[in-house]
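>>> Need the 3D shape of this:
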Amino acid sequence: MLQGAWPKALLAATSAALLLFCFPLRDMGWLIWLAPAPLFILVLHGRGRIGGWAYLCGLLWFLPLLGWMQGFSELGWALAAAFCALFVAAFALAAHHLTRRLPAFWAPLVLASAWTVAEWLRCAGPLRFSWGQLAVSQYRYPTVLQMLDWTGSFGLTWLIALVAASVAALFSARTYVAGGRWLFVSLWLLGLLSMRGHWVLQRAAQDRTPVTRVAVVQASGSSYRGISVRIDSPWARYAQLTRREATREAQLVIWPETAVVEDLVHDEEARQRTGALAAEIGADLLSGSFVHDADAPKPANSAVLFGRDGVVRGRYDKVNLVPFGEYLPLRSVTERFVPDDAIPYDLTAGKVFEPIPWRKGKVGVVICFESAFPGPTRRLTREGSNLLAIITSDTWPGKQAAGRQHLAFAPLRAVESRRSMARAAATGVSALIDPYGRVLDRLEADERGSLSNRLPLRQDRTFYVIVGDWPVGLSVLLLLAALAAVLLRGDVRGDVRERPRRRQAPSPKRARSSS
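Model prediction:
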């Protein structure tokens, strides 16, 4: 049992530091299998104000992880870190109160399931935010990532948390045996899934899926003034790089989110100029744009696709807008805390995730923030996308950290859906990724140029695309079973280790015989 403030503070700070090192820029993803363990030790064996110590761990983790936000707004940076830390505290409170009332066998399962559910809740709702998801730390390890076509990212999060929870359970005599057994089971699962991942990657070399050449262009610059960002996207430079990729026989050229600020659907001059370029190169051209329909109060953040005949073939309007970036939640209350010129109005949100037809099939487009969540790409794949595209700006201050952290989600989305992924960023990082999550080519932050490669166009559906986030449902069921076990025991107050045994009163016969 942990006594005093210093051991608890040390465990919280250690876990925060290890978790921070697992993500870009440090990118020590292999540490993630142990990083939550100090926090889990605190949850299992600590007493008093566990939620507060866990909240401290969350703050020490998310404040530096989201440090690039400071360039926009110091208040927004602090609020985002404080918001994310709430879910770490909620996990700790729920897991602490369940594990102390249950037999040791339950401890690692409850910790892994509670963490997974808390992480899923943080990625849901109007204020969703997925930075720091445990599974994302593995984006550079394709062998491990191959399990995502079965489990999705939350399945990998659950397995990581189970390994760390089993290690944490080894630090107590009460949970030592259970920790050892669950550690064996979790490592056995990891070994089997890694062997399967190696086998999948070996088979990829024999894949006969049709391929086509896809290009991305990254040619913008940016400057900052407080929370406002000015983006410079010279159309001539984009056109020049696009013509270069046409000579390499690119069938689809993708421009980023803010490459064209004009309305490519209703602005006659912008539409004709971009359509003429597509007709000139004889390839489909996908570009970001801000489209303002007559029946909409404000523009939508859109992706518009021109066919090789120069005609607009389809568009996608961003569904999941960025809170405090593209709209203000509770505007009447929050606008007084935001500069007047920062977010003067709310963009119009799209209604459905629908792929755009192109001459080789359908391309599923997600815009910027949407790529950080598995739901949009899963739905686009279910709707028949044979290629996925991310168009994004990524023109934040601190682009090295923010751009690489944002890129880390893309390999996960590719493996979950088994689709090639083309990521076009205004200022970087742009990348071309195969259906196995391997980055084939990339352009770093502030590097201007273009990339092209031959990408497979798959049509099959993975188990995850069909079923969805079933590990989250399983985690909820496990937590409900743990809660039911607590209620059936009738012990709703205290620790199973501290329940005193009742001494049986001697029977009358024994009392008489002893006298």
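>>> What ranges does the stretch 151-300 of the chain have for its helices?
For the stretch 151-300 of the chain, helices defined by DSSP state H, counting those that start in this stretch occupy the ranges 176-204, 235-247, 268-281.
>>> Out of those, which is closest to residue 401?
With respect to residue 401, and counting by C-beta to C-beta, the nearest of the helices of the stretch 151-300 of the chain is helix 235-247 at 25.9 Å. Backbone N, C-alpha and C define where each C-beta goes, glycine included.
>>> Send me the closest one as PDB with only the CA atoms.
In PDB, the C-alpha atoms belonging to helix 235-247 read as follows (Å, rounded to 0.1, in the frame of the first residue of the first chain):
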ATOM      1  CA  TRP A 235      -2.000  28.700 -57.600                       C
ATOM      2  CA  ALA A 236       0.800  28.900 -60.200                       C
ATOM      3  CA  ARG A 237       3.200  26.800 -58.000                       C
ATOM      4  CA  TYR A 238       0.400  24.200 -57.500                       C
ATOM      5  CA  ALA A 239      -0.200  24.100 -61.200                       C
ATOM      6  CA  GLN A 240       3.500  23.800 -62.000                       C
ATOM      7  CA  LEU A 241       4.000  20.800 -59.700                       C
ATOM      8  CA  THR A 242       0.700  19.300 -61.000                       C
ATOM      9  CA  ARG A 243       2.000  19.400 -64.500                       C
ATOM     10  CA  ARG A 244       5.200  17.700 -63.400                       C
ATOM     11  CA  GLU A 245       3.200  14.800 -61.900                       C
ATOM     12  CA  ALA A 246       1.200  14.500 -65.100                       C
ATOM     13  CA  THR A 247       4.400  13.700 -67.000                       C
END
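>>> in it, what's buried?
Residues of helix 235-247 classed as buried: 235, 237, 238, 239, 241, 242, 244, 245, 246 (neighbour count, 16 or more other C-beta atoms under 10 Å).
>>> shouldn't the first one be in contact with residue 276?
When you say that, I think you mean residue 235. No: using C-beta atoms under 8 Å, residue 235 is not in contact with residue 276, being 11.9 Å away.
>>> who touches the residue lying closest to residue 10 once chain neighbours are set aside in this structure?
Closest residue to residue 10 apart from its sequence neighbours, by C-beta to C-beta, 6 or more residues apart in numbering: residue 38 at 8.0 Å. Residues in contact with residue 38 (C-beta atoms under 8 Å, 6 or more residues apart in numbering) are 10, 11, 12, 14, 15, 18, 168.
>>> which element follows the helix or strand containing residue 38 toward the C-terminus?
Using DSSP states H and E, residue 38 falls within helix 37-45. Per DSSP H and E, the first helix or strand lying C-terminal to helix 37-45 is helix 50-65.
>>> how much does that following helix deviate in direction from helix 37-45?
Calculated by axes from the mean of the first three to the mean of the last three C-alpha atoms, to 10 degrees, helix 50-65 forms an angle of 170 degrees with helix 37-45.
>>> quick one: average confidence on helix 50-65?
The average pLDDT within helix 50-65 is 97.
>>> still on that earlier bit, relative to residue 183, which of the buried residues of helix 235-247 is nearest.
Nearest member of the buried residues of helix 235-247 to residue 183, counting by C-beta to C-beta, is residue 245, at 50.2 Å.
>>> from what I can see the closest one touches residue 252, true?
No: Residue 245 is beyond contact range of residue 252, at 9.7 Å (criterion: C-beta under 8 Å).
>>> Need the residues touching each of these two.
In contact with both residue 245 and residue 252: 215, 283, using C-beta under 8 Å, 6+ apart.
>>> Residue 345: neighbour count?
Using other C-beta atoms under 10 Å, residue 345 has 12 neighbouring residues.
>>> Oops, could you answer that again for residue 171 instead?
16.
>>> which one is it nearest to, not counting chain neighbours?
In space, residue 171 is closest to residue 41, 5.4 Å off (C-beta to C-beta, 6+ apart).
>>> For that neighbour, grab the count of nearby residues.
For residue 41, using other C-beta under 10 Å, the count is 24.
>>> And residue 333, by the same measure?
So residue 333, with other C-beta under 10 Å, has 9 neighbours.
>>> Secondary structure element holding it?
helix 331-334.
>>> residues in contact with that helix?
Contacts for helix 331-334 (C-beta under 8 Å, 6+ apart): 324, 328, 346.
>>> Torsion angles phi and psi at the first one?
Phi and psi for residue 324, reported as degrees, to the nearest 10, are phi 70, psi 10.
>>> In stretch 167-176, which residues are buried?
For stretch 167-176, using 16+ other C-beta under 10 Å, the buried residues are 167, 168, 169, 170, 171, 172, 174, 175.
>>> now those as a markdown table including distance to residue 383?
A markdown table is the format used below for the buried residues of stretch 167-176 (distance: C-beta to C-beta, whole Å):
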| residue | distance to residue 383 |
| --- | --- |
| 167 | 42 |
| 168 | 42 |
| 169 | 43 |
| 170 | 46 |
| 171 | 48 |
| 172 | 49 |
| 174 | 51 |
| 175 | 46 |
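>>> Going by distance to residue 306, which of these wins?
Closest approach between the buried residues of stretch 167-176 and residue 306, by C-beta to C-beta: residue 167, at 53.8 Å.
>>> Now that closest one: closest residue in space that isn't a chain neighbour?
Per C-beta to C-beta, 6+ apart, closest to residue 167 is residue 37, 4.6 Å.
>>> picking up where we left off before, in CSV: the buried residues of stretch 167-176, plus pLDDT and distance to residue 458.
Formatted as CSV, these follow (pLDDT from 0 to 100; distance: C-beta to C-beta, whole Å):
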residue, pLDDT, distance to residue 458
167, 98, 38
168, 97, 40
169, 97, 41
170, 96, 43
171, 93, 45
172, 89, 47
174, 90, 49
175, 93, 44
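>>> Sort out which one of those residues lies nearest residue 282 for me.
residue 167 (57.4 Å).
>>> domain ranges for this structure?
By the record's domain assignment, the chain is partitioned as 5-204+467-493, 211-457 (automatic domain parsing).
>>> Quick check: of the buried residues of helix 235-247, which lies closest to residue 419?
residue 245 (20.9 Å).
>>> got any ranges where the protein has weak pLDDT?
Segments of the chain classed as low confidence (criterion: pLDDT under 70) are 1-2, 224-228, 332, 335-342, 397-399, 490-515.
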